[in-house]
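S.K.: 3D model of this:
(chains A, B and C)
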Amino acid sequence: MEIFTEHVNGIMIHKITIGHIHESGCTGCLAALMDNYQGIFTILDKYADLVYGLTLVDVRKIPKMDVALIEGSVCIQDKLATDEVREVRDKSSVVIAIGGCACSGNITRFDRGGQQNQPQHESFVPVSDLIDVDIFVPACAPTPEALRNVCVMTYLLLRGNDEQKALAGMYLKPLMDLARSPYGSKASFNTLMQEVINLGLCMGCGSCAAACPVRAITMEYGKPQGLRDLCVNCGACFSQCPRSFFDHELMEHHEQIMGMLKAVMQ
Amino acid sequence: MAAPLGQYKMVLFARTTDKEILRGAQNGGIVTALLSYALDTGIIDGAVVAAPSRSKPWRGKFDPWRSEPIVAMTRDQLLSARKTGYNISPNVMMIKEATRSYGLDRVGIVGVPCQIQGVRKAQLYPIGMRGVPDKIALVIGIYCMEVFPYQSIVQIVEDHGGVKMESVEKIEIGKGNFTVVTERGRTIQIPLNETRDLEQPGCHVCLDYAATLADISTGSAGSPAGWSTVFIRTKIGDEVWKRAMQAGLFETKPIGQVEPGLGAVEKLAVEKITRNKKTLEDRDFIGTKGLRNPYITT
Amino acid sequence: MGKVVEISPTTRHEGRSKLVLQVDDEGIITVGNWISVTPVRGLEKAVLGKPMEQVPKLLSRVCGICPVAHALAAVEAIETSIGVEIPADAHTLRVILHCANRLNNHALSNIFTLPDLYIPGTDRKINLFSPEEPMRSIARRIQRIREIAQGITEIAGGEAIHPTNTRIGGMYYNITSRAKQKLTDLAKEAVDIVKTQMDFMIAVLRNFQRRDWTEIGGRQIPIPRNLGYHSEGYLATDSLYGTSSRTSVQSWDPDHLREIRPWNFYMGEVTIDLEDSTYPIGGTTAAGTVVHPKREATNAIPLYNGRPVEVGPRARMALYQGFNEKGTIGQQVARQMEYMTDVHEILNRLDTLNTSGKVLTDPIPPGDGKTLAWATTEPARGTNVHFVRVREGKVADYSMIVPTTWNFPVCSKALSGAPWQLAEVIIRGYDPCVSCATHMIVLDPDKNVVAQNLIR
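M.R.: Here you go, the predicted model:
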């Protein structure tokens, strides 16, 4: 496929600008991004300039940027936080919610305040409850590979030629749809139950059990059983399920896409 | 939707030259021979396969009609996992653990088409699959029309077939029948249209028969008895197959020479896909709202 | 009369915090307030009433860069409360995890602090994202150390970020002999790399110590000899791993722990009247802004024997190995020295691991609710204490004091005497993890136990 070779030959030269915004998360998502190890340098050398991210760079005010990666849910009793997400939306072309907290609340769904020194901090909502979010990368923690893939595809979407844009658009579409779906920001094992098992779509492959980051899912007579008292609402099981979304046309090119991702990270 | 048989570089009939494997094989012993070879030569350092359930002993052995995934790291473990059970074994469940406490760097996996879809999705969208995408070294697919939940198999064998589960020696699905062979040699055939309702519902929305996303996919359809039809699909599949052929692991026949051949595989694939597309369409008209289609996101 | 300057937000550490500094006419800090402004997720309250099995999984998520510290302290505290001993091989796996996570965190800390430091013999600061040499080689080496550390955590712990293998009563799985071999190879590879990194870091730190000035915002700021000195004490509960309330000889005494509210420690309302737009990048807070540190703070102020204490690598080395160098540089040097301890300990423990040993205790009692237990771990940033009471399988009380909580007040004191432009250099010496630090316990001064009624 043309798409793949052209990119590898280094046709693309304009980097995008990217920022990391930390709301009520644990920095595990940023750590996951950094866990691309040497790949981080490839991304920063070739594709993206890191223009904001308090954990890594000294910039203290949010600049305009192409892509904002938001980690963490938002405490609605903290004006600093609610103002900040609005500012991020205003200043970014693409907003990507990374990780369970930003996408679906994750453990912060269990918060109910009452703790000093700010006992009124009791309500935490996923970012997409407050602003339009373009892309979801769920799970706790999201994986270095998923973050890498989404960064590369977003780069192609913004800077690629028509074919590359088409490929990136296809790849990102389900993650964009998830950001707007009625269940994306409400995800938990329940979503897998309601949107897959209850709809007669589960075929017992076990993807959900492998994806679960808290070992809440076992397979009983070939079907997922979720211990809901262990579930942290990260949404990994549902998004990993081949029956949550699956684009046959894209997946047919799995070999080329994997090859392309490998090549661009060289 | 692409071609029913998917993309492939080569298709042929084959059976293994490894007598030990062939003796216990369902067909040509392709899967076990390939994995065993890949294990020996370091192409993989372990494989996720479906094995008879260890959780409930049955007739003094492990229960062959209830399978569960294991991470096989030796040839013996592979041999213990032969024959397909036609019931659900959640193989994808183990692909991450294989890279964790098992310490594997190159994982092989066998699965039916939906499981291969799970594996490929884990590679392209590794939402909860850290460290997995690059460690998948060999993916072998098995053709599949549908599978049965364990309890459905019990009902088919004991009610429709009138045989105790404990007496079953072999189960085969093909040529329109669910065939049970008892340990005393009796053969009972139940037409598949009679067992349709007992199939796993999730199979009825599956649009892949020939494991089109695998590196190599195989099954009995189209091949003469004792042989398997084999599709070599990807670069990895091609390399592994070539090395295995050089090592003399398989004897092959070109697919053109022998009936029923590729046409038979295609017929089954088209039949499955057509029927299941219809199911997906019908689902739109359940109630007044219809049911969610996993292949169309909005 | 001095002035007040605010640096907000502070950068190159985990979480969100700020500095409100009273300075004299020379710009030297007279009163330093370092406060967390990370929203309080209230996890100690959120876990009340939850099944004990879930709680370590939730508390791991207090922090994504030191998740192992919280997952382990939580399981150890709960196990102490319900009275179970875990199998030896489960403990071995936990110590391996603990050391691997420390390794990762010390490497991360290098990423955060190196941009403050200079390549010896030059006036060039170290920008790790620059493709130029020697920066790129240093950055690659640090990432390789992290890759090894995270790789070990992933195999022994199930996941590198938020381990899945730990559970009440031990571990879900032992590892195979193949996995053990792989871990050994990784740790052996790390020996030389971390030695090189340690030597490099210490050279860079000593170089900084010898410098008269450092450049900040285009100006040469004098570096005081006593940068980051404080006269408070140290606390460490173990030289390596941690301890718990079931241990008969205790290395610390929780009865000596007091906690006061930020209200009694930080400044009240002040108006910013010193503004510096050249402070990198984006300048300090605008003059005229009114701030209220004691009200805004989301961290707690724990005191030990009535005073703030420093926790972390230097505290461990001071109390267990007689290390006596003070200040920010001494603290950083101590951190680098732990690199070797961690790698060698991983190798030692792997040596003793029996891969066919049992890793889960059976049965696991539900807890009688009578014992308020505690357990500590000694992760990268210092003493991490979790207190818990378990009744009928559910968590009845929970509280924790995490490393950076201890360090907030002591570091605030250590700011005094430094030029305000160096305040962030001092806080980075503590390798702060601020999201962790928004946790609070309150003690009853009349009782010799942590007061039950006040925990709620």
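
S.K.: C-alpha from now on. contacts and neighbour counts both.
M.R.: Fine.

S.K.: What residues of stretch B:172-184 count as buried?
M.R.: Using 16 or more other C-alpha atoms under 10 Å in any protein chain shown as the test for burial, stretch B:172-184 gives B:172, B:173, B:177, B:178, B:179, B:180, B:181, B:182.

S.K.: Let me know the average pLDDT across that stretch.
M.R.: For stretch B:172-184, mean pLDDT rounds to 88.

S.K.: end-to-end on that stretch?
M.R.: End-to-end span of stretch B:172-184 (C-alpha to C-alpha, to the nearest Å): 16 Å.

S.K.: from the buried residues of stretch B:172-184, which ones fall inside strands?
M.R.: Applying DSSP state E to these, the entries found in strands are B:172, B:173, B:177, B:178, B:179, B:180, B:181, B:182.

S.K.: In JSON lines, list the buried residues of stretch B:172-184 along with distance to residue A:32.
M.R.: Formatted as JSON lines, the buried residues of stretch B:172-184 follow (distance: C-alpha to C-alpha, whole Å):
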{"residue": "B:172", "distance to residue A:32": "47"}
{"residue": "B:173", "distance to residue A:32": "46"}
{"residue": "B:177", "distance to residue A:32": "51"}
{"residue": "B:178", "distance to residue A:32": "49"}
{"residue": "B:179", "distance to residue A:32": "51"}
{"residue": "B:180", "distance to residue A:32": "51"}
{"residue": "B:181", "distance to residue A:32": "53"}
{"residue": "B:182", "distance to residue A:32": "54"}
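
S.K.: quick one on the thing from earlier: quick one: which of the ones in strands among the buried residues of stretch B:172-184 is nearest to chain A?
M.R.: In terms of C-alpha to the nearest C-alpha, no member of those lies closer to chain A than residue B:173, at 18.3 Å.

S.K.: List the beta-bridge partners for that closest one.
M.R.: residue B:178 (DSSP bridges).

S.K.: ok, it touching residue B:179?
M.R.: Yes: the pair residue B:173 / residue B:179 is scored as a contact, 6.1 Å apart, by C-alpha atoms under 8 Å.

S.K.: who are the neighbours in contact with whichever residue of the stretch 151-298 of chain B sits closest to chain C?
M.R.: Nearest residue of the stretch 151-298 of chain B to chain C, counting by C-alpha to the nearest C-alpha: residue B:240, 23.7 Å away. Shown in contact with residue B:240 (C-alpha atoms under 8 Å, 6 or more residues apart in numbering or on different chains): B:38, B:43.

S.K.: How is it assigned, secondary-structure-wise?
M.R.: What DSSP: H, G, I helix; E, B strand; the rest coil gives for residue B:240 is helix.

S.K.: Show the pLDDT at it.
M.R.: Reported pLDDT at residue B:240 in the predicted model: 98.

S.K.: What distance do you get for it to residue B:249?
M.R.: From residue B:240 to residue B:249 the distance is 11 Å (C-alpha to C-alpha).

S.K.: host element of residue B:15?
M.R.: Following DSSP states H and E, one finds residue B:15 within strand B:10-16.

S.K.: hmm, back to that, and the ones in strands among the buried residues of stretch B:172-184, which is closest to residue A:162?
M.R.: Of all these, residue A:162 sits closest to residue B:173, with 47.2 Å by C-alpha to C-alpha.

S.K.: Tell me the residues of chain B that contact chain C?
M.R.: Residues of chain B found near chain C (C-alpha under 8 Å from any C-alpha of the partner chain) are B:97, B:99, B:100, B:101, B:102, B:103, B:104, B:130.

S.K.: do you know how far the fourth one is from chain A?
M.R.: Taking C-alpha to the nearest C-alpha, to the nearest Å as the criterion, residue B:101 is separated from chain A by 13 Å.

S.K.: Could you find the closest non-adjacent residue to that residue?
M.R.: Nearest residue to residue B:101, sequence neighbours excluded (C-alpha to C-alpha, 6 or more residues apart in numbering or on different chains): residue C:175, at 4.4 Å.

S.K.: and the residue nearest the centre of chain C, which of the three is it?
M.R.: Taking C-alpha atoms, centre = their mean as the criterion, residue C:381 is the residue nearest the geometric centre of chain C, at 2.5 Å. Secondary structure assignment for residue C:381 (three-state DSSP): coil.

S.K.: And residue A:57, by the same measure?
M.R.: Following three-state DSSP, residue A:57 is assigned to coil.

S.K.: now for the residues of chain B next to chain C, which pair is the farthest apart?
M.R.: Pairwise distances across those (C-alpha to C-alpha) peak at 15.1 Å, for the pair B:102 and B:130.

S.K.: give me the number of residues near residue C:90?
M.R.: 26 (other C-alpha atoms under 10 Å in any protein chain shown).
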